[in-house]
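[1] The sequence and its predicted three-dimensional model are supplied below.
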Amino acid sequence: MNSPTNTKRVLICGSIAFDTIMVFEGRFKDQILPDQVHILNVAFLVPSLRKDWGGCAGNIAYSLNMLGGKPVPMATIGHDAGGYFQRLQTLGIETSCLKQIGEEFTAQAFITTDLDDNQITAFHPGAMSHSHLNKVSDAGDIALGIIAPDGRDGMMQHAEQFAAAGIPFVFDPGQGLPMFGKPELDRFLELATYAAVNDYEAKMLCDRTCLTLEQIADKLEALVVTRGAEGSWVYTQGQRHDIPCVKAERIADPTGCGDAYRGGLLYGLTEGMGIVNAARLASLMGSLKIEVKGPQTYQYSREEIASRFTAAFGQQPW
């Protein structure tokens, strides 16, 4: 099965980051004394350490590229991103919209996980804080866009630029959602064509906009709410479609599953699958990702993806 020849370019505005994952072979609660948190000074021995390619733009581009799409990640990277830049080029992912900020490090997350799957994360935004220096107009011919978590000013400016250019886009605030209040979120929803949030973010979005999910969906062509193992909801044209979670063969690591989902969603939308089938493909991509450790280590051919889609949903995806 060949990749489509008329695939349209998708501009992915978001972060490029390095993730350092460490495992503490104990429990945080046994090391932190609640009555002494005002003088907290603890150290955790982490025998297991893994470094991953990450960031929402990189992860989404990886998923979309695997499907045969044409991702164009737009991000600001630091002086230390040469290896990431080369990796994207090796994968055949366009790098023309990556802007290097020479005096900054690439965004980096340092995540320590204990045996109860609790996490302590330190995040350094670095070059990501300069995302507003990128312009949507620099990308050329674009069929669809997505605004994933990024620098605050960059997210707001890119939404305005997509709308001014007449380019439909997905508003995907993710962990960046707390940066925005009601006026900014109302504006994002006014400009966006689609929105995608997880169930926690959906609750926050409703609280901050004083709208229900149905009311938010009425402002968009579709609202997608991912719900982990419970699947996802697609609100469109006054209806809610329940999309089942595709059962994974094994559960290894949820990191990057939401980004893998969005890669599938973007592919389905650009290839005319319709929002419901696009969400089904997205569900499958999230399932494939969770089977391996790391957000960019899973690898499947289009034939394998099509076979898994048919087994899950009883129809061919393309």
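    In hand now; what should we look at? What you see is a predicted model, and the numbers here were worked out from it, not measured in a lab. Numbering: from 1, shown residues only.
[2] Show me what whichever helix in the chain runs longest packs onto, helices and strands only.
    Of all the segments assigned as helix in the chain under DSSP state H, the longest by residue count is helix 275-290. Helix 275-290 sits against strand 222-226, strand 232-236, strand 239-243, helix 257-270, helix 302-313, with contacts defined as 3 or more Cβ pairs under 8 Å, 6 or more residues apart in numbering; DSSP states H and E. Using the backbone N, CA and C atoms, a C-beta is placed for each residue, glycine as well.
[3] How far off centre is that helix?
    Averaging C-alpha coordinates over helix 275-290 and over its chain gives two centres that are 13 Å apart (Cα atoms, centre = their mean, to the nearest Å).
[4] re earlier: tell me the most buried of the helices and strands packed on helix 275-290?
    Across the helices and strands packed on helix 275-290, averaging neighbours per residue (mean count of other Cβ atoms under 10 Å) puts helix 257-270 on top, at a mean of 27.
[5] quick one: that one to strand 222-226, angle?
    Direction vectors for helix 257-270 and strand 222-226, defined by axes from the mean of the first three to the mean of the last three Cα atoms, to 10 degrees, enclose an angle of 150 degrees.
[6] Helix 257-270 to strand 232-236, inter-axis angle?
    Angle between the axes of helix 257-270 and strand 232-236 is 40 degrees (criterion: the same axes, to 10 degrees).
[7] Going by residue numbers, what spans are helices in this structure?
    Residue ranges of the helices in the chain, as given by DSSP H, are 28-31, 56-66, 82-91, 152-165, 182-191, 199-209, 213-218, 257-270, 275-290, 302-313.
[8] how about a markdown table for those helices, with distance to residue 9 added?
    Putting the helices of the chain into a markdown table (distance: least, Cβ to Cβ, whole Å) gives the following:
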| stretch | distance to residue 9 |
| --- | --- |
| helix 28-31 | 44 |
| helix 56-66 | 10 |
| helix 82-91 | 15 |
| helix 152-165 | 13 |
| helix 182-191 | 20 |
| helix 199-209 | 27 |
| helix 213-218 | 27 |
| helix 257-270 | 9 |
| helix 275-290 | 17 |
| helix 302-313 | 18 |
